[in-house]
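Q: Give me a model of this one.
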Amino acid sequence: ILYKSHFCSLNIEKLLQTSTLPTNSNSFLASPVQLVIHQNTITLQPPATLNILLSEAQQLCKSINDLITTDQWQISPITPTLWQITTAYPLDICLTPLWDAVGNLYPEMMVQGADKNILEKISTEIQMLLSTHTINQKRTTQNRPVINALWFWSPPSSDQNKTNSSYKDNIVWQQATGALTAPTSYSDWYSTLPQQSSDTQIAVLDELLYANKTQDIES
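A: Got it, this is the predicted structure:
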């Protein structure tokens with residue numbers, strides 16, 4: 001598996017272009033996640049493990065909008081696990097892409113920048129809202145993982161290390177980026193090489209990536 005921390009083949013821009021939501025310098029992304037607090041660490045679970053329905057995403061965004069409307073912020077779902085936030089004015093913040101945050105969270109992954117306190121305040125308020133939300137109450141009774149936080153992020157802006165061929169095992173990212181379905185074996189992947197025009201190819205298997213980040217040696 002070849003994994004690059006900032007693989008720009010994950011072309012979020014294409015997905016945003018298909019959305020009817022306006023995109024400008026005041027916009028950034030958010031994904032509903034579950035944070036698990038351990039004795040010495042906090043782990044961010046991949047959004048795909050939550051199996052969020054679009055109807056749940058819409059209800060959660062509506063509740064969050066009621067909360068942040070006084071700040072002139074708005075949040076809207078593009079997909080069940082990819083939401084867009086628009087603020088009244090640009091914020092001086094630096095955000096860690098979602099795929100670099102999955103697993104154990106470290107201080108350097110948290111929001112940085114002159115306006116980080118603004119985003120941290122909103123984030124805390126949203127977490128409090130989610131803790132008692134009816135969606136999570138229902139998910140608990142169904143033995144489904146709860147959504148207890150949002151991860152604010154933006155894709156890398158650099159165009160370096162682009163690749164024309166990428167494989168991912170996560171259907172959400174496949175739909176968002178046009179990536180190919182991850183091969184089931186090395187021989188399957190190798191047999192497709194003559195059909196590919198790119199010298200550089202990336203295979204990202206989310207399950208193994210997450211196991212590595214959490215040091216799950218057995219997996």
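Q: Looking at strand pairing, list the partners for S27.
A: S27 has these beta-bridge partners by DSSP bridges: T86.
Q: Could you do T181 as well?
A: Under the criterion used (DSSP bridges), T181 bridges to K168.
Q: Which helix or strand in this structure has the lowest average pLDDT?
A: The weakest-scoring helix or strand in the chain, judged by mean pLDDT, DSSP states H and E, is helix 12-18 (a mean of 58).
Q: buried stuff in whichever strand or helix holds T124?
A: Element membership for T124, per DSSP states H and E: helix 116-131. Judged by neighbour count (16 or more other Cβ atoms under 10 Å), helix 116-131 contains these buried residues: 116, 118-119, 122-123, 126, 129-130. Placement of C-beta: from N, CA and C, glycine included.
Q: would you list every one of the helices in this protein?
A: Taking DSSP state H, the helices of the chain run over residues 12-18, 54-68, 98-101, 116-131, 134-141, 171-177, 186-191, 206-213.
Q: ok so, going back, pull the helix holding T124 out as CSV, backbone CA atoms only.
A: What follows is helix 116-131, C-alpha atoms only, in CSV (Å, rounded to 0.1, in the frame of the first residue of the first chain):
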residue,chain,number,x,y,z
LYS,A,116,-8.9,29.1,16.2
ASN,A,117,-10.7,30.2,19.3
ILE,A,118,-13.8,31.1,17.3
LEU,A,119,-13.9,27.6,15.7
GLU,A,120,-13.2,25.9,19.0
LYS,A,121,-16.1,27.7,20.6
ILE,A,122,-18.5,26.6,17.9
SER,A,123,-17.1,23.1,18.0
THR,A,124,-17.8,22.8,21.7
GLU,A,125,-21.3,24.1,21.4
ILE,A,126,-22.0,21.6,18.6
GLN,A,127,-20.6,18.7,20.7
MET,A,128,-23.0,19.7,23.5
LEU,A,129,-25.9,19.7,21.1
LEU,A,130,-25.0,16.3,19.7
SER,A,131,-24.7,14.8,23.2
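Q: helices or strands up against it?
A: Packing partners of helix 116-131 (3 or more Cβ pairs under 8 Å, 6 or more residues apart in numbering; DSSP states H and E): helix 54-68, strand 149-153.
Q: Report the inter-axis angle for it versus helix 54-68.
A: Following axes from the mean of the first three to the mean of the last three Cα atoms, to 10 degrees, one obtains 130 degrees for the angle between helix 116-131 and helix 54-68.
Q: which regions of this structure sit below the pLDDT cut-off?
A: Low-confidence segments of the chain, defined by pLDDT under 70, are located at 1-25, 155-178, 194-202, 204, 206-207, 209-210, 213, 215, 217, 219.
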